[in-house]
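**Q** Could you look at this predicted model? Sequence included:
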Amino acid sequence: MDGRYGGLDGGGCGGANHCMAEFVDQGSVESRRYYLSRRTVLEMLRDRGYDVADSEVTRSLAEFRVEFGDKPDLERLRISASLRSNQHKKILVVFLGSDEIRTAAIRGLLSHIPNKESLHGLMLIVQSKMNHFARKELDKLQCKVEIFQITELLLNITKHVIQPTHEILTAELKQQLLNKYKTEDKQLPRMLETDAIARYYGLEKGQVVKITYGGGLVDSLVSYRCVK
């Protein structure tokens with residue numbers, strides 16, 4: 001094949017090897033995992049109502065590697081964000097390494113967190129098991145602690161093509177719903193607190209989620225679930 005049609009010999013992109021190279025990630029798998037998981041966390045925080053800069057969410061993998069390197073320093077990956085509705089409520093996101101997480105590691109982590117008393121939430125992104133005693137150490141904190149495996153965050157589950165739309169009802173809207181249907185929240189279909197969507201939005205027991213399904217035989221179908 002000649003080069004007139006941009007063929008494999010180099011008319012369009014410099015030969016087969018060059019064309020294939022454009023689709024090969026030249027960076028480390030490690031940096032890609034941190035990039036994807038950190039981006040999902042930023043999207044998660046924004047969806048929960050935290051103040052997250054657009055530039056953080058839209059940063060490309062190449063830009064991430066320029067900023068953090070091919071072997072990112074976990075300290076620099078930390079995220080601190082405040083609720084848009086209350087700047088005094090802050091959450092801290094900490095990425096942990098691949099070693100088993102023991103009590104000493106948690107104590108060391110907590111000792112280096114300033115103003116722990118003012119924390120609204122702590123999120124740990126882990127890559128290994130955390131033993132029972134380390135978890136008990138976290139129970140001493142006054143704020144809500146969430147733990148995610150890094151593999152859970154490589155994709156944002158809310159962006160899946162078949163995922164319905166979820167809307168978290170305010171306390172006022174929840175009461176309006178219950179009044180409208182003359183029911184109690186315990187009679188609503190349930191969503192477990194451990195459900196992936198509940199964890200993504202940081203939902204707690206008693207909160208109600210409006211779920212809208214699109215497509216199919218009808219334009220949309222709406223249901224409500226109460227977190228149990």
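**A** Yep, it's here.

**Q** Next, residue 83: phi, psi?
**A** The phi and psi torsions at residue 83 (degrees, to the nearest 10) take the values phi -60, psi 140.

**Q** dump the residue contacts of it.
**A** Residues near residue 83 by Cβ atoms under 8 Å, 6 or more residues apart in numbering: 49-51, 89-90, 120. Bear in mind the C-beta positions are built from the backbone N, C-alpha and C, glycine included.

**Q** Show the model's pLDDT score for residue 17.
**A** At residue 17, the predicted lDDT confidence score is 55.

**Q** I should have written residue 205 there, sorry.
**A** So residue 205 comes in at 95 (pLDDT).

**Q** Provide the secondary structure category for the nearest residue to residue 138 once chain neighbours are set aside.
**A** For residue 138, ignoring the flanking residues on the chain, the nearest one in space by Cβ to Cβ, 6 or more residues apart in numbering is residue 145 at 4.8 Å. For residue 145, the secondary structure call by DSSP: H, G, I helix; E, B strand; the rest coil comes out as strand.

**Q** so who does residue 145 touch?
**A** Contacts of residue 145 by Cβ under 8 Å, 6+ apart are 121-124, 138-139.

**Q** can you rerun that using 10 Å?
**A** Contact partners of residue 145, counting by Cβ atoms under 10 Å, 6 or more residues apart in numbering, are 119, 121-124, 135, 138-139.

**Q** Please identify the buried residues of the longest helix along the chain?
**A** Ranked by number of residues, the top helix in the chain under DSSP state H is helix 29-47. Buried residues in helix 29-47, defined by neighbour count with 16 or more other Cβ atoms under 10 Å: 31-47.

**Q** For residue 40, see how far away residue 168 is.
**A** Residue 168 sits 18 Å away from residue 40 when distances are taken as Cβ to Cβ, to the nearest Å.

**Q** and if you look at residue 171?
**A** Counting by Cβ to Cβ, the gap from residue 171 to residue 40 is 28 Å.

**Q** With residue 169 instead?
**A** Residue 169 sits 24 Å away from residue 40, going by Cβ to Cβ.

**Q** At which residues are the strands of this structure located?
**A** Secondary structure of the chain (DSSP state E): strands at 79-83, 86-95, 119-126, 144-149, 165-168, 190-191, 208-214, 220-227.

**Q** So which of the ones you listed is the most surrounded?
**A** Mean neighbour counts were compared across the strands of the chain using mean count of other Cβ atoms under 10 Å; the top stretch is strand 119-126, at a mean of 20.

**Q** looking at the chain, which helix or strand is least sure?
**A** In the chain, no helix or strand scores lower on mean pLDDT, DSSP states H and E than helix 16-21, which sits at a mean of 49.

**Q** Excluding residues flanking it in the chain, which one is nearest the residue most central in space within the chain?
**A** In the chain, the C-alpha nearest the mean C-alpha coordinate belongs to residue 41, at 3.2 Å (Cα atoms, centre = their mean). By the measure of Cβ to Cβ, 6+ apart, the closest residue to residue 41 outside its immediate chain neighbours is residue 93, 5.6 Å from it.

**Q** Alright, that wraps it up for me.
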